[in-house]
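S.K.: Need coordinates for the below:
(one chain, ligands or ions: 4)
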Amino acid sequence: MVERRLSDLGLTPMTGGDVGVSGLALDSRKVVAGTLFAALPGSQVHGGEFIQYALRMGAGAILTDRKGAEIAATELAASDASLVVVEDAAEALAHAAALFFGAQPETMVAVTGTNGKTSVASFTRQIWEAMGRSAVNIGTTGVEGAFAAPGLHTTPEPVTLHGVLAEMAASGVTHAAMEASSHGLDQKRMDGVRLAAAAFTNLTQDHLDYHGTMEAYFEAKLRLFTGLLPEDGVAVVNMDDAHGPRVAEACAARGIEVLGVAQYANAALKITGRRIDETGQDVLFRWQGEGRQVRLDLIGAFQAMNVLTAAGLVIAGGENPEDVFAVLPKMTGVRGRMELAARRSHGAPIYVDYSHTPDSLEVALKALRPHVLGRLVVVFGAGGDRDTGKRPLMGAAAAAYADVAFVTDDNPRSEDPASIRAAVLAGCPEATEVADRAEAILRGVDMLEPGDALLIAGKGHETGQQVGDVIYPFDDVEQASVAVAALEGAI
Ligand SMILES: CC(=O)N[C@H]1[C@@H](OP(=O)(O)OP(=O)(O)OC[C@H]2O[C@@H](n3ccc(=O)[nH]c3=O)[C@H](O)[C@@H]2O)O[C@H](CO)[C@@H](O)[C@@H]1O[C@H](C)C(=O)N[C@@H](C)C(=O)N[C@H](CCC(=O)O)C(=O)O
Ligand SMILES: Nc1ncnc2c1ncn2[C@@H]1O[C@H](COP(=O)(O)OP(=O)(O)OP(=O)(O)O)[C@@H](O)[C@H]1O
Ligand SMILES: N[C@H](CCC[C@H](N)C(=O)O)C(=O)O
Ligand SMILES: [Mg+2]
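M.R.: Residues are numbered from 1 along each chain as shown. Ligands and ions are numbered 1, 2, ... in the order given. Just a heads-up that it's a prediction; the model follows:
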């Protein structure tokens with residue numbers, strides 16, 4: 001078993017010796033003899049409350065802040081475990097985890113923003129792979145690519161993160177693109193990652209339950225550029241977004257090179273034209289003033305922005321731009337993002353998309369509109385135990401950009417599903433309420449006529465419907481086919 005001294009992890013004990021620790025844990029329930037337990041402040045409770053249990057399980061060292069040390073003062077005084085007290089225990093843990101596990105892929109990039117992180121991370125990995133690199137993307141969909149692991153968090157906590165980074169580096173992965181969620185940035189989950197580049201996609205309303213205000217939400221995202229990206233790193237910034245120029249300014253103030261991406265504003269990588277067709281789009285863009293054309297088999301202008309943002313990250317990571325542009329036509333859509341899930345026999349398509357914010361619902365519906373001759377139907381809901389303010393705004397987006405809307409459940413979690421639906425319906429009073437998601441999908445599919453299209457929004461790649469603490473198996477893509485088969489009698 002690997003043992004590392006506290007000093008090798010950048011930690012100086014206040015009491016006790018420079019002991020060796022055999023593992024790291026930020027959850028007391030995972031402590032075994034010899035572990036360093038990091039007692040971090042939480043949103044519900046301070047981890048200091050659990051120091052007593054960690055000590056009972058044989059923790060060799062405790063890392064915490066002054067408050068944590070105060071909470072467990074009696075137990076700590078009675079224990080011979082080493083105690084490290086720092087101002088910011090989460091940050092210290094992130095760096096300690098990076099040192100404990102040691103290796104990470106040589107080239108790592110990160111992407112933040114309200115929408116598009118998973119898509120950009122996946123396209124970045126796809127570009128690297130098409131260029132012959134051993135690459136992964138890490139985020140909402142787990143670890144995908146040359147190394148696979150299931151995901152729990154969009155940005156995993158540092159012990160899990162660095163454990164998996166070291167494993168993938170040992171197995172030969174050299175390139176990784178990861179999602180930086182606002183929770184992850186705020187909780188310093190990825191402070192120990194060495195970044196070559198970082199991207200910003202956009203900022204619109206989400207997660208105000210956690211951050212309180214849009215400004216605090218933005219500040220959390222900005223940390224990627226002001227706190228994590230080193231000065232020799234490159235920032236890839238969507239200059240069309242209202243917050244893009246602020247990200248660029250913050251980078252410039254630190255001497256960080258900015259590579260802008262845009263379709264409207266000025267930028268190094270700029271989309272200048274687009275022709276859409278049934279299966280995708282031909283995109284004209286300029287790179288440092290020179291025009292180019294690329295074919296993308298992806299639906300939606302936003303996907304072209306995501307692909308170019310990924311191209312920017314790969315270029316920023318040191319690859320030759322010509323080689324990068326040459327592989328862009330190979331990009332395939334990300335599971336559950338504008339995925340063609342099924343078709344009625346008369347041709348009407350059914351798309352599944354992970355839009356679960358007001359902006360992404362609007363973006364997804366607008367992206368489909370030019371492909372639809374008849375009516376655009378949407379089935380959607382809003383998650384429980386999440387930002388409540390976004391519910392009527394999602395309703396309003398559906399009312400404005402779809403012709404017919406069904407409001408249903410999407411992971412009500414601990415909340416009363418009917419009141420979530422009522423909050424959504426406040427924004428789209430003409431929508432039809434159908435509590436059961438399978439039934440809502442069936443009704444959406446049933447009403448499709450030739451020329452119509454259905455968007456099933458909100459769950460994307462998810463395979464469960466969480467009601468209370470129970471996750472029932474549920475897959476929108478599968479339900480789309482089930483509905484078509486049920487209606488057309490061909491299972
Ligand atoms: C709101 C939030 O981000 N919560 C995360 C946070 O928990 P917390 O601050 O609420 O923790 P707490 O319950 O107050 O406990 C404080 C500390 O005591 C520890 N503890 C707790 C109980 C115990 O018995 N022993 C113990 O040691 C906890 O591990 C924690 O370190 O730290 C925990 C440990 O890392 C996370 O598991 C937990 O994620 C929860 C489960 C969660 O749902 N997070 C979501 C909202 C999230 O992070 N989402 C973003 C993506 C969002 C997006 O962009 O769409 C993500 O990156 O996945
Ligand atoms: N660049 C973009 N601008 C606006 N909307 C987008 C963009 N990219 C994707 N979307 C929309 O947002 C949805 C989620 O996309 P994606 O999973 O890539 O985002 P994410 O940031 O990883 O989300 P999460 O925070 O839940 O992990 C998509 O299904 C699509 O509807
Ligand atoms: N990462 C997002 C996922 C939301 C997906 C949607 N299906 C929901 O449950 O709200 C969140 O935790 O807010
Ligand atoms: Mg994601």
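
S.K.: Do any residues in the least confident helix or strand in the chain by mean pLDDT lie close to ligand 2?
M.R.: Lowest by mean pLDDT, DSSP states H and E among the helices and strands of the chain is helix 208-211, with a mean of 91. No: Helix 208-211 does not reach ligand 2 (CB under 6 Å from any ligand atom); its nearest approach is 12.1 Å. From N, CA and C alone the C-beta is placed, and that goes for glycine too.

S.K.: May I have that helix exported as PDB, CA atoms only?
M.R.: The C-alpha trace of helix 208-211 is given here as PDB (Å, rounded to 0.1, in the frame of the first residue of the first chain):
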ATOM      1  CA  LEU A 208     -29.500  29.800  -7.900                       C
ATOM      2  CA  ASP A 209     -30.600  27.500  -5.000                       C
ATOM      3  CA  TYR A 210     -26.900  27.000  -4.300                       C
ATOM      4  CA  HIS A 211     -25.300  30.300  -5.400                       C
END
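
S.K.: Now do the buried residues in that helix.
M.R.: Using 16 or more other CB atoms under 10 Å as the test for burial, helix 208-211 gives L208, H211.

S.K.: Give me the contacts around it.
M.R.: For helix 208-211, the surrounding residues in contact (CB atoms under 8 Å, 6 or more residues apart in numbering) are 43, 182-183, 186, 214, 217, 220, 385-390.

S.K.: and the residues you listed, which are buried?
M.R.: Looks like the contacts of helix 208-211 have S182, H183, D186, Y217, A220, R386, D387, K390 buried, using 16+ other CB under 10 Å.

S.K.: And those residues, which is closest to V324?
M.R.: Using CB to CB, S182 is the member of those that lies nearest V324, at 28.3 Å.

S.K.: Now for that closest one: which residues touch it?
M.R.: Here S182 is in contact with T112, H207, Y210, H211, Y217, A220, K221 (CB under 8 Å, 6+ apart).

S.K.: try 7 Å
M.R.: For S182, the contact set (CB atoms under 7 Å, 6 or more residues apart in numbering) comprises H207, H211, Y217, A220, K221.

S.K.: How about L63?
M.R.: L11, L36, A38, V84, A89, A92, L93.

S.K.: Please convert those to CSV, extending it with neighbour count and distance to ligand 1.
M.R.: Converted to CSV, the contacts of L63 look like this (neighbours: other CB atoms under 10 Å; distance: CB to the nearest ligand atom, whole Å):
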residue, neighbour count, distance to ligand 1
L11, 23, 17
L36, 31, 13
A38, 29, 7
V84, 24, 16
A89, 28, 9
A92, 24, 13
L93, 31, 9
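
S.K.: Can you flag which of those belong to strands?
M.R.: L36, A38, V84 (DSSP state E).

S.K.: quick check, nearest of the contacts of S182 to A405?
M.R.: Using CB to CB, the contacts of S182 come closest to A405 at H207, 23.7 Å.

S.K.: how many other residues sit next to that closest one?
M.R.: 20 (other CB atoms under 10 Å).

S.K.: So is stretch 471-488 next to ligand 3?
M.R.: No: against ligand 3, stretch 471-488 shows no contacts by CB under 6 Å from any ligand atom, the least distance being 9.7 Å.

S.K.: Just the buried residues of that stretch, please?
M.R.: For stretch 471-488, by 16+ other CB under 10 Å, it's F474, D475, D476, V477, E478, Q479, A480, S481, V482, A483, V484.

S.K.: Was I right to think the fourth one contacts A341?
M.R.: Yes: distance between V477 and A341: 4.4 Å, which falls inside the contact criterion (CB atoms under 7 Å).

S.K.: any common contacting residues for the two?
M.R.: V352.

S.K.: Give me the phi and psi angles of the residue of the chain at minimum distance from ligand 1.
M.R.: Residue nearest to ligand 1 within the chain: G42 (2.2 Å; CB to the nearest ligand atom). Dihedral angles of G42 (phi, psi; degrees, to the nearest 10) stand at phi -120, psi -180.

S.K.: Check V136 too.
M.R.: Residue torsions, per degrees, to the nearest 10, at V136 are phi -140, psi 160.

S.K.: tally of neighbours for the closest residue to it other than its chain neighbours?
M.R.: Take V136 and drop its neighbours on the chain: the residue closest to it by CB to CB, 6 or more residues apart in numbering is G145, 3.8 Å away. Neighbourhood size, G145 [other CB under 10 Å]: 23.

S.K.: Need the outlier residue of the chain, farthest from its centre.
M.R.: Within the chain, A78 marks the point farthest from the mean C-alpha position, 42.8 Å out by CA atoms, centre = their mean.

S.K.: before we move on, back to that, from what I can see the residue nearest to V136 touches N137, true?
M.R.: Yes: counting by CB under 7 Å, N137 is a contact partner of G145 at 6.0 Å.

S.K.: Mind listing the shared neighbours of those two?
M.R.: R125.

S.K.: Where does the prediction get shaky in the stretch 351-491 of the chain?
M.R.: 490-491 (pLDDT under 70).

S.K.: Name the residues of it found near ligand 3, please.
M.R.: Residues of the stretch 351-491 of the chain lying near ligand 3 (CB under 6 Å from any ligand atom): H356, G383, R386, D410, N411, G458, K459, E462.
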